[in-house]
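Trainee: Please work out how this folds:
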Amino acid sequence: MEQQPAGNDLVLVVDDEPHIVALVAYHLAKSGYRVVTATTGAEALDLARREQPSLVILDLMLPDISGFKVLEKLRARDETRDVAVLMLTARRDEQDRIEGLSLGADDYLTKPFSPQELVLRVKAILRRIGPTVSGHDIVSIGTISVDRTAHRVTVSGEEVELTPTEFKLLLLLAERKGRVQARSHLLQNVWEAAPDIQTRTVDMHVQRLRAKLGSAGDLIETVRGFGYRLNDEARSSA
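Mentor: Numbers count the residues shown, from 1 in each chain. Take a look at the predicted model:
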């Protein structure tokens, strides 16, 4: 018998092809996940709001609205903006992957796919996006600890002095660990600026933030053409 995943996470599977839904639901349930399903975008949005899944497996081609639109609506709503999303599609166009990632998808899988690979990707996403919380209001990523209440940041136990904007930027990246945050999204949520403003403000602040964090600054990864994400293991930045 396979080991139950920690927390017995709920996964919402959204696809209008019954055999795909049945295949995915079977393998997820076999791996210990709880599963709910939807066949339309409207049903998916309603279930996501009511059931609060840990992850949504979302097909792009739905009968009512596109998966892109569903993803956009998920990210726009307070109650679903942090849910993990794995996109499924029969289309292999690079532009589809770019659009999905820029809207906030966590991963992308093309059909036909291996059910075992899908389950492994689900596990990897849920492991990656779950920040470690110690105490009541501390988010820890790698050697970085961010105390929301005290507005205090430490790296390997040593306090790091940040400006209020730098703190807000780091906290947002930490709370959405592993997820690409577009520059436009950061401008809206950190600087409360219109998303169409063309500015290098985000890049300059990220550069200063990396410098202040020292070696831990390598945990902030540049995703070319999109923005930034914070990982608990350093990767090469583009």
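Trainee: My read is that Thr37 contacts Glu17, right?
Mentor: No - contact criterion CB atoms under 8 Å: Thr37 and Glu17 do not qualify, at 11.3 Å. (Each C-beta comes from the backbone N, C-alpha and C, glycine too.)
Trainee: Neighbour count for the two, which is higher?
Mentor: Thr37 (18 against 14; other CB atoms under 10 Å).
Trainee: what sits against that one?
Mentor: Counting by CB atoms under 8 Å, 6 or more residues apart in numbering, Thr37 makes contact with Leu12, Val13, Val14, Asp15, Val21, Ala25.
Trainee: Provide the strand pairings for the helix or strand in which the second one is found, with the direction of each partner.
Mentor: The reference is to Val13. Element membership of Val13 [criterion: DSSP states H and E] is strand 10-14. Here strand 10-14 has these sheet partners by DSSP bridges: strand 34-38 (parallel), strand 55-59 (parallel).
Trainee: how far is the next helix or strand after it from where the chain is centred?
Mentor: Next in sequence after strand 10-14, counting helices and strands by DSSP H and E, comes helix 18-30. In this view, helix 18-30 has its centroid 23 Å away from the chain centroid, taken as CA atoms, centre = their mean, to the nearest Å.
Trainee: could you say what helices and strands helix 18-30 packs with?
Mentor: strand 10-14, strand 34-38, helix 115-129 (3 or more CB pairs under 8 Å, 6 or more residues apart in numbering; DSSP states H and E).
Trainee: The nearest residue to Asp82 once chain neighbours are set aside - how many residues pack around it?
Mentor: For Asp82, ignoring the flanking residues on the chain, the nearest one in space by CB to CB, 6 or more residues apart in numbering is Arg176 at 6.6 Å. The tally of other residues near Arg176 (other CB under 10 Å) stands at 21.
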